[in-house]
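In: using only what follows, build the 3D model:
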Amino acid sequence: MFYKDERLALFIDGANLYSAARALEFDIDYKLLRAEFMRRGKLLRAFYYTALLENEEYSPIRPLVDWLAYNGFAMVTKPAKEFTDSMGRRKVKGNMDIELAVDAMELAPRVDHIVLFSGDGDFRSLVESLQRQGVRVSVVSTIRSQPPMIADDLRRQADNFIELDDLREVIGRPPREDRASQRQGDAVD
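Out: Down below sits the predicted model:
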């Protein structure tokens with residue numbers, strides 16, 4: 001439930017939202033996402049959190065990060081840590097949970113409603129703390145993927161759970177492979 005006069009802030013756990021959308025087989029149009037929540041209330045801020053590989057010549061996420069920064073999103077990034085696990089596999093770690101939690105706590109006195117785009121159960125205590133401060137918290141993730149992308153205790157703690165799949169028609173676009181095949185099909189017809 002949203003109220004038109006509510007001061008809203010969006011907190012997007014980039015890696016988590018990307019994984020949830022991929023599990024549901026659609027891409028998110030961030031321009032439409034921002035517009036949807038501007039329609040639902042007075043959107044004060046839209047934060048997007050992601051770790052970046054600094055030493056990569058080209059990062060596939062860099063164009064998205066740049067676009068978001070120029071289109072009304074407050075970008076919060078940090079360098080990802082690269083390491084080799086015990087099996088010799090290259091791994092990348094870039095957890096942004098602390099940054100998101102600190103920013104949400106700092107902004108809490110200035111907002112009525114926070115929308116958290118993540119299913120990470122580590123955020124349950126953050127949601128509880130925000131609620132004690134009088135902030136309503138909606139969580140956007142999915143239970144329709146296999147396995148579900150949202151921790152049950154986070155979903156129960158939230159004032160409102162928004163199923164990401166229900167937003168598909170409003171904020172989604174077909175995955176890249178589908179758009180490419182549609183363009184090829186259009187050219188042939």
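
In: quick one, helices of the chain?
Out: With DSSP state H as the criterion, the chain has helices at 14-23, 30-40, 62-70, 97-107, 124-132, 152-157, 168-171, 176-188.

In: residues contacting the residue sitting nearest the centre point of the chain?
Out: The residue lying closest to the centre of the chain (C-alpha atoms, centre = their mean) is I12, at 3.2 Å. By C-beta atoms under 8 Å, 6 or more residues apart in numbering, I12 lies in contact with A46, F47, Y48, Y49, F73, F117, S118. In short, each C-beta sits where N, CA and C put it, glycine included.

In: quick one: the longest strand seen in the chain to helix 62-70, angle?
Out: Identified as the longest strand of the chain according to DSSP state E is strand 42-52. In terms of direction (axes from the mean of the first three to the mean of the last three C-alpha atoms, to 10 degrees), strand 42-52 departs from helix 62-70 by 150 degrees.

In: what pairs with strand 42-52, and is each one parallel or antiparallel?
Out: strand 7-13 (parallel), strand 74-79 (parallel) (DSSP bridges).

In: out of those strands, deepest packed?
Out: Compared across these, strand 7-13 shows the largest average neighbour count, a mean of 24 (mean count of other C-beta atoms under 10 Å).

In: quick one: distance of that strand to the chain centre.
Out: 9 Å (C-alpha atoms, centre = their mean, to the nearest Å).

In: where does pLDDT dip in the chain?
Out: 55-58, 174-189 (pLDDT under 70).

In: could you rerun that using 50?
Out: Across the chain, the ranges flagged by pLDDT under 50 are 178-189.

In: got the contact list for G94?
Out: Contacts of G94 by C-beta under 8 Å, 6+ apart are A15, T50, A51, L52, K78, P79, A80, K81.

In: of those residues, closest to V137?
Out: Within the contacts of G94, proximity to V137 (C-beta to C-beta) peaks at A15, which comes in at 20.0 Å.

In: could you dump the contacts of G94 to TSV with distance to T142?
Out: Listed next are these as TSV, based on distance: C-beta to C-beta, whole Å:
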residue	distance to T142
A15	15
T50	19
A51	22
L52	25
K78	26
P79	29
A80	25
K81	28
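
In: list buried residues within those residues.
Out: A15, T50, A51, L52, A80 (16 or more other C-beta atoms under 10 Å).
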